[in-house]
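Novice: sequence and predicted structure below; questions after.
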Amino acid sequence: MAQHEAELISTRTRAALAAKKLRGDKLGTPENLTAEARAKGRQAHSRNAANNPNTITAKGYAQLLRNGGATLRAMAQTLNAEGFKTPRGGQFTAVQVMRLLA
């Protein structure tokens, strides 16, 4: 019974939002889309990534590889082969290694 009611609520909510969108109303919170808010979000993301223990370890390893003369691409391949992940759980690329070392 509760599941059925949840499905009804979900259906009504989707229909109401679609109708509101058709009337031309903007959905969401427009003030969250300001340049200041976007910059604040980027700063928070960078701060979180820099404090990620996996990122700290990967950065140290990448610096050792750099001191050994490895290219950015080779460093990314090595990090991926060793099982390191980006803060979002993906694989490293040369550009990400460059940013990691910056």
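Specialist: Perfect, thanks for sending it. Please read these numbers as outputs of a predicted model, since none were measured by experiment.

Novice: residues near residue 54, how many?
Specialist: 14 (other C-beta atoms under 10 Å). For glycine as for every other residue, the C-beta is placed from the backbone atoms N, C-alpha and C.

Novice: go ahead and confirm it touches residue 84.
Specialist: Yes. With contacts counted by C-beta atoms under 8 Å, residue 54 reaches residue 84, the gap being 6.5 Å.

Novice: give me the distance between residue 95 and residue 102.
Specialist: According to C-beta to C-beta, to the nearest Å, residue 95 and residue 102 sit 11 Å apart.

Novice: and if you look at residue 41?
Specialist: The gap separating residue 41 from residue 102 is 20 Å, by C-beta to C-beta.

Novice: more neighbours: which of the two?
Specialist: Under the criterion of other C-beta under 10 Å, the comparison of residue 41 against residue 102 puts residue 41 first, with 11 against 6.

Novice: the more buried one is in what secondary structure piece?
Specialist: In this structure, residue 41 sits in helix 35-50 according to DSSP states H and E.

Novice: between the following helix or strand past that helix and helix 35-50, how many degrees?
Specialist: Later in the chain than helix 35-50, the nearest helix or strand by DSSP H and E is helix 53-67. Relative orientation of helix 53-67 and helix 35-50, computed by axes from the mean of the first three to the mean of the last three C-alpha atoms, to 10 degrees: 70 degrees.
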